[in-house]
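Asks: Got a sequence here, can you model it:
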Amino acid sequence: MSPKVSKEHKEQRRANILEAAKDVFIEHGYEQTTMKHIMDAANVSRGGLYQYFTNKEDVFESLLEEMLGDSVEKAKKLLAEKGLSHWELLLTCLFGEDRTPNNKMHPISATSLEFFITGRKDTRRREYGKMRYYNGVKLFADIIDEGKDCGEFTTSFESETIARTIISYTDGLAVDYAMLPSEDVKLREQSEVFIEYLKAILGVKQ
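Replies: Next up, the predicted model:
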């Protein structure tokens, strides 16, 4: 009789697999990654991997869900912190803790783009992409709505429309970043212009 494994142990094991899988997807891209790559990187058996995930798509979707969930939780935590403005929160969601644009994107951005583009004809992946998109829209729209409610932002434009613009901006940069040398994309310069655009439409005075 095999020993009973605790729920905490299973959750930690699953988290370890996803962390190893993230590195594999970054290195190989989505299409070139195999379950064998993930097994080797996570140091688990075939049965150990399939105990948690049914296929490569399941692994990557779970990884994206955890990353988005972390972003939402971080946004809620930051919003609750005293003294942090909604503008600062918006910049944190876009550029990280230092709220300053640079010439690098998240390492998994190109793989995420590949995942959705190569699966654009797949009904399940399109539905998943739609769900992820609207979760992102809600994240940014909620921040903007709360900023409007407290008088920090103007109400000239709909929050959801601004949120969609933010996502279109980040996704557009991800396409360029995946296809071109980073020095040609000029992420920092474009981001600085985008910040000025957001300041103008949100009425940010700083």
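
Asks: where along the protein do the helices fall?
Replies: In the chain, the helices defined using DSSP state H lie at 7-32, 35-42, 46-50, 56-80, 86-95, 109-118, 123-149, 159-179, 182-185, 187-202.

Asks: can you list those in TSV and add mean neighbour count?
Replies: Every residue, glycine included, has its C-beta placed from N, CA and C. Shown next, in TSV, are the helices of the chain (neighbours: other CB atoms under 10 Å):
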stretch	mean neighbour count
helix 7-32	16
helix 35-42	18
helix 46-50	13
helix 56-80	16
helix 86-95	19
helix 109-118	18
helix 123-149	17
helix 159-179	16
helix 182-185	12
helix 187-202	15
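
Asks: nearest to residue 102, of these?
Replies: helix 187-202 (5.4 Å; CB to CB).

Asks: for the closest one, the distance to its chain's centre please.
Replies: 20 Å (CA atoms, centre = their mean, to the nearest Å).

Asks: so that helix versus helix 159-179, what angle?
Replies: Put simply, helix 187-202 runs at 170 degrees to helix 159-179, going by axes from the mean of the first three to the mean of the last three CA atoms, to 10 degrees.

Asks: CA atoms only for helix 187-202, dumped as PDB, please.
Replies: The C-alpha trace of helix 187-202 is given here as PDB (Å, rounded to 0.1, in the frame of the first residue of the first chain):
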ATOM      1  CA  LEU A 187      10.100  49.300 -25.800                       C
ATOM      2  CA  ARG A 188      11.100  51.900 -23.300                       C
ATOM      3  CA  GLU A 189      10.600  54.800 -25.700                       C
ATOM      4  CA  GLN A 190       7.200  53.500 -26.800                       C
ATOM      5  CA  SER A 191       6.100  52.900 -23.200                       C
ATOM      6  CA  GLU A 192       7.000  56.400 -22.200                       C
ATOM      7  CA  VAL A 193       4.800  57.800 -25.000                       C
ATOM      8  CA  PHE A 194       2.000  55.400 -23.900                       C
ATOM      9  CA  ILE A 195       2.300  56.700 -20.300                       C
ATOM     10  CA  GLU A 196       1.800  60.200 -21.600                       C
ATOM     11  CA  TYR A 197      -1.300  59.000 -23.500                       C
ATOM     12  CA  LEU A 198      -2.800  57.500 -20.400                       C
ATOM     13  CA  LYS A 199      -2.000  60.600 -18.400                       C
ATOM     14  CA  ALA A 200      -3.900  62.700 -20.900                       C
ATOM     15  CA  ILE A 201      -7.100  60.600 -21.100                       C
ATOM     16  CA  LEU A 202      -7.200  59.900 -17.400                       C
END
